[in-house]
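Colleague: Sequence and predicted structure are below.
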Amino acid sequence: MEKTPRYWGVFVSMSAYSILVTSSPYDQAGSASAVRFCQHLLEEGHTLSQVFFYQQGIYNAFSTMAPPNDERNRFEEWKALHDACGTPLRVCITAGEKRGLVLSTDANQPELAHPFEQTGLGEFFTALHDSHRLVQF
């Protein structure tokens, strides 16, 4: 018999999740919690339909951030998550442009690096149809 995960004493079936990250990578615990939550979901056999970065969450996609040695590199954590399961890491194009994250050849501009991709809210909402649950951090 296949083991069904239990959360707070309740049996749940496997689900597809969309994750909405609105927390910046270092100002709050939200981004760190989101990465851990995604890792836990995958360990439990759930799927991640997408991770969408919106508002301050777009800063998770900055590959040029250089956190101190005693802090985790959120960009690298999200990249490792993508490498492990292929989950799309989508960054709101409007929120990104508003905060200076653009696809540019100008060395003075932050650049969106693989595996992050710029998309719009419309694509985020369309992909929600493939998810059973949406969780925001």
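Modeller: Yep, that arrived. Numbers count the residues shown, from 1 in each chain.
Colleague: low pLDDT regions in the chain?
Modeller: Counting by pLDDT under 70, the low-confidence segments of the chain come to 1-13, 102-111.
Colleague: After the longest helix anywhere in the chain, which helix or strand is next? Please name it.
Modeller: Longest helix in the chain by number of residues (criterion: DSSP state H): helix 30-43. Per DSSP states H and E, the first helix or strand lying C-terminal to helix 30-43 is strand 47-53.
Colleague: Nearest residue to the residue nearest the centre of the chain in space, please, no chain neighbours.
Modeller: Geometric centre of the chain, nearest residue: residue 51, 3.8 Å, by C-alpha atoms, centre = their mean. Sequence neighbours aside, residue 19 is the residue nearest to residue 51 in space, at 4.5 Å (criterion: C-beta to C-beta, 6 or more residues apart in numbering). Backbone N, C-alpha and C define where each C-beta goes, glycine included.
Colleague: Neighbours of the one you found, how many?
Modeller: Residues lying near residue 19 (other C-beta atoms under 10 Å) number 25.
Colleague: what does the one 4 residues further on give?
Modeller: Residues within reach of residue 23, counting by other C-beta under 10 Å, total 23.
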